[in-house]
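Visitor: Need the 3D shape of this:
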Amino acid sequence: MTGGVRVALAMLARRAVAAAGAVIVMTAGAASDQNTGPVRPAPDPVFETVSFQDLSRWADDDHVAALAAFVRFCTPGLVTDQRFLQLPDDVCEAGSALAAANSGDKTADGDAAKAFFEQNFTPYRFKQAGFVTGYFEPELAAARAPDNQHRYPLLRPPGGLVAVTDANRPHNWPAELSHGRMTEDGLVPLPDRGAIMDGALRPENLELVWLRDPVDAFFVHVQGSARLRLEDGSVMRVGYAGKTGHPYTSIARVLVDRGEGRPEDLTMSGLRRWLVKNPAGRDALFRENRSYIFFREVTGARQHDGPIGSAGVPLVAGRSLAVDPAFVPFALPAFVAGQDLADLDAPDREFSRLMMADDSGSAIKGAGRADIFVGSGVAAGSIAGEIRHTATLTVLVPRGLEDAFAERMRGAE
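Guide: The predicted structure follows:
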């Protein structure tokens, strides 16, 4: 991480208390005459149409970096399900050509990259207050086989694990279970976290890799991926491969409800401190979150690439955003502005940058909720753990797809 990021951590810590309980009131922005092209009615009631000039510090962003993150979605065959919004071919062609012209040792043209977004997208801002947190890719010591130090496994998915759909949902299936196991007798529920901790899946030998610390293992479940340093010095990367389907519960919220801390005290870093100081209550608290995540070894990734997100592309530190795809489809740019959140690379100014919707998470639900990918390693984890801020989120919809986006939003409501 840069020196600016380290300074940003200190600023984030100072701002966290003030920002955690703040509410930003979002006001409608009038469409500017400079916003060329037709401005269509915004989907109601979730979004309102605005102009690029209404976006806080829009002109100060690194649009070349944003464009490089955007064109990852222009890979043929990437869009595979309803979580994506299919990008127009002409937008991908123009964006890819411009990104190529800005790559390598060539002189980057920031004005052209900025104009690309302004000419090809319509901004829609969430009407309700947004809220962002931060997440990262941990780098942890691990072993492929258990020993006296490595005793806490990450598990592979069990056989028969499937998502529950209208096509396979049995009668009277519990509404809160999103996944199950397909057997000869039909779909059956999987054990929850508490049962797995008690050994419910142990006979199936699903252990993928072993960690030293149960707290680290739990946070890998929360993050959904990790970079693991094996004893021989090699690096193993693991990523999300499925879940039991039981609902996610924030154990930080459980502690707040019990009166054991305030929300601003129980950021990721604060929660970790509580778990370390209270080992006797640790496992019981873990059981409160019935959701359990399974992992796979990620192969073929380049060393400098981020982890693979839910959209199937490597995440980009500071440009990748985990969202609820029901409200922000994958492949769409999303401009995030946080008045009380310091910029990751320029801590003397507020966070305002164009990011890409390319990941999701069990805790990221609803309109305006998002999670900023900070990067990999200890420094990134320290910063991510302090991000808990209100923010405005503005989604950029390709011109010509406004009606399709509006229809999708009506379905999300």
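Visitor: Which residues are in contact with Arg151?
Guide: 210, 212 (Cβ atoms under 8 Å, 6 or more residues apart in numbering). In short, each C-beta sits where N, CA and C put it, glycine included.
Visitor: repeat that with 10 Å
Guide: Neighbouring residues of Arg151 by Cβ atoms under 10 Å, 6 or more residues apart in numbering: 143, 210-214, 217.
Visitor: for the stretch 251-400 of the chain, what spans make up the helices?
Guide: 251-257, 268-277, 279-288, 378-384 (DSSP state H, counting those that start in this stretch).
Visitor: mind putting the ones you listed in TSV, distance to Asp192 included?
Guide: Output for these, formatted as TSV (distance: least, Cβ to Cβ, whole Å):
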stretch	distance to Asp192
helix 251-257	14
helix 268-277	20
helix 279-288	8
helix 378-384	27
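Visitor: which one of these lies closest to Gly77?
Guide: With Cβ to Cβ as the measure, helix 378-384 is the member of the helices of the stretch 251-400 of the chain nearest Gly77 (30.7 Å).
Visitor: Which other helices and strands does that closest one contact?
Guide: helix 3-20, strand 130-137, strand 139-143, helix 214-223, helix 268-277, strand 369-376 (3 or more Cβ pairs under 10 Å, 6 or more residues apart in numbering; DSSP states H and E).
Visitor: mean confidence score for the second one?
Guide: Pointing back at strand 130-137 there. Computed over strand 130-137, the mean pLDDT rounds to 88.
Visitor: May I have the beta-bridge partners of Met372?
Guide: For the record, residue 372 is Ile, not Met. Going by DSSP bridges, Ile372 is paired in beta bridges with Gly134, Leu321.
Visitor: Renumber starting at 733 from here on
Guide: Got it, first residue is 733 now, which makes that one Ile1104.
Visitor: what's around it, how many residues?
Guide: By the criterion of other Cβ atoms under 10 Å, Ile1104 has 27 neighbours.
Visitor: residue contacts, it?
Guide: Shown in contact with Ile1104 (Cβ under 10 Å, 6+ apart): 864-868, 1049-1054, 1068, 1070, 1073, 1076, 1083, 1085, 1087, 1115-1116, 1119, 1121, 1123.
Visitor: likewise Met1087?
Guide: So Met1087 contacts 793, 798, 801-802, 864, 1048, 1050-1055, 1065-1068, 1102, 1104-1105, 1125 (Cβ under 10 Å, 6+ apart).
Visitor: What's the separation between it and His911?
Guide: 28 Å (Cβ to Cβ, to the nearest Å).
Visitor: just Asp879 next, same as before
Guide: Distance of Asp879 to His911, given as Cβ to Cβ: 32 Å.
Visitor: between the two, who's got more neighbours?
Guide: His911 (19 against 10).
Visitor: Got phi/psi on that one?
Guide: Here is the backbone geometry of His911 (degrees, to the nearest 10): phi -140, psi 160.
Visitor: any idea how far Thr897 is from it?
Guide: For His911, the distance to Thr897 equals 10 Å [Cβ to Cβ].
Visitor: likewise Val988?
Guide: 34 Å.
Visitor: So those two - more neighbours on which side?
Guide: Set Val988 next to Thr897 and count neighbours by other Cβ under 10 Å: Val988 wins out with 16 against 8.
Visitor: how about the helices in the stretch 733-882 of the chain?
Guide: Secondary structure of the stretch 733-882 of the chain by DSSP H, counting those that start in this stretch: the helices cover 735-752, 795-802, 821-833, 842-852.
Visitor: Strands of the stretch 833-982 of the chain, start to end?
Guide: Secondary structure of the stretch 833-982 of the chain by DSSP state E, counting those that start in this stretch: the strands cover 853-858, 862-869, 871-875, 884-887, 893-895, 911-915, 918-920, 939-943, 957-962, 967-975.
Visitor: for the fifth one, packing partners?
Guide: Strand 893-895 sits against strand 911-915, strand 967-975, with contacts defined as 3+ Cβ pairs under 10 Å, 6+ apart.
Visitor: repeat that with 7 Å
Guide: In terms of contacts (3 or more Cβ pairs under 7 Å, 6 or more residues apart in numbering; DSSP states H and E), strand 893-895 is packed against strand 911-915.
Visitor: what do you get for the fourth one?
Guide: Taking 3+ Cβ pairs under 7 Å, 6+ apart as contact, the helices and strands that strand 884-887 lies on are strand 939-943, helix 946-955, strand 1025-1030.
Visitor: Could you do the second one as well?
Guide: Contact here means 3+ Cβ pairs under 7 Å, 6+ apart; on that basis strand 862-869 packs against helix 946-955, strand 957-962, strand 1101-1108, helix 1110-1116, strand 1120-1130.
Visitor: mind checking which of those is nearest Gly926?
Guide: Going by Cβ to Cβ, the one of the helices and strands packed on strand 862-869 nearest Gly926 is helix 946-955, 12.9 Å.
Visitor: Contacts made by that closest one with the rest, please.
Guide: Taking contacts as Cβ atoms under 7 Å, 6 or more residues apart in numbering, the residues outside helix 946-955 that touch it are 867-870, 872, 884, 886, 943, 958, 1004, 1007-1008, 1014, 1018, 1025.
Visitor: tell me the least confident of those residues?
Guide: When these are compared on pLDDT, Pro870 comes out lowest, with 77.
Visitor: Which of the strands of the stretch 833-982 of the chain sits closest to Leu817?
Guide: So among those, strand 853-858 is nearest, using Cβ to Cβ, at 11.5 Å.
Visitor: got the angle between the closest one and strand 1101-1108?
Guide: 110 degrees (axes from the mean of the first three to the mean of the last three Cα atoms, to 10 degrees).
Visitor: Can you name the residues that contact His882?
Guide: Contact analysis of His882 by Cβ under 7 Å, 6+ apart lists 874-875, 942-944.
Visitor: neighbour-wise, which of these leads?
Guide: Ala874 (26 neighbours).
Visitor: per-residue confidence for Asp841?
Guide: At Asp841, pLDDT is 86.
Visitor: now do His1121
Guide: 88.
Visitor: With Ala774 instead?
Guide: On pLDDT, Ala774 comes in at 41.
Visitor: could the helices and strands packed on strand 862-869 go into TSV alongside distance to Tyr856?
Guide: TSV is the format used below for the helices and strands packed on strand 862-869 (distance: least, Cβ to Cβ, whole Å):
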stretch	distance to Tyr856
helix 946-955	29
strand 957-962	30
strand 1101-1108	15
helix 1110-1116	27
strand 1120-1130	5
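Visitor: quick one: which of these has the weakest pLDDT on average?
Guide: Going by mean pLDDT, the lowest-scoring of those is helix 1110-1116, which has a mean of 82.
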